[in-house]
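S.K.: only geometry, no sequence info:
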């Protein structure tokens, strides 16, 4: 059975982190080791969310993927939107619908939270991610250039 869960600070974060750190990530995921304190700090921020997707049986649970984001309010018109930080599917569970399940859950949360839109970006050359996002029939596909500034912190 596939289970999607929204992780809360009151959950056993050590167990969540352990599942993430044991999962089958590869260089495409760019996952660095998680720790419970950092995840707790992230979840303490207003309007953040963290979703896990597991395959569960009576005897075991296997992490299939994770997603994170936050609900934002624009500084005009009080419009709310869900900004998606990450959607990561474990390397050995790709092309099985996990990413689509995570995205549908995020879209459901956005609707429940009164968000007018969900926004995310991915690299142009990330063919699988772009195929997933296009399969969900977006209202708009914008060409975006991303900039990263290292602060030295």
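M.R.: It's in. Predicted, not measured: the structure shown is a model, and the values here were computed from it.

S.K.: which stretches of the chain form strands?
M.R.: Using DSSP state E, the strands of the chain run over 2-6, 48-56, 61-73, 80-89, 117-119.

S.K.: Pull out the buried positions in the last one.
M.R.: Which is strand 117-119. residue 118 (16 or more other Cβ atoms under 10 Å). Quick note: C-beta positions are derived from backbone N, CA and C, even for glycine.

S.K.: neighbouring strands for it, and are they parallel or not?
M.R.: Applying DSSP bridges, strand 117-119 is found paired with strand 80-89 (parallel).

S.K.: do the same with the third one
M.R.: Sheet neighbours of strand 61-73, with direction, are listed as strand 48-56 (antiparallel), strand 80-89 (antiparallel) (DSSP bridges).

S.K.: okay if I get these as JSON lines plus mean pLDDT?
M.R.: Supplementary listing: these in JSON lines, determined by pLDDT from 0 to 100:
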{"stretch": "strand 48-56", "mean pLDDT": "96"}
{"stretch": "strand 80-89", "mean pLDDT": "96"}
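
S.K.: Okay, helices next: where are they in this protein?
M.R.: 13-22, 36-44, 98-112, 127-135 (DSSP state H).

S.K.: Show the contacting residues for residue 65.
M.R.: 52-53, 87-90, 93, 98-99, 101-102 (Cβ atoms under 8 Å, 6 or more residues apart in numbering).

S.K.: Residues in contact with stretch 88-95: which ones?
M.R.: In contact with stretch 88-95 (Cβ under 8 Å, 6+ apart) are residues 23-26, 28-29, 31, 63-67, 98-99, 102, 128.
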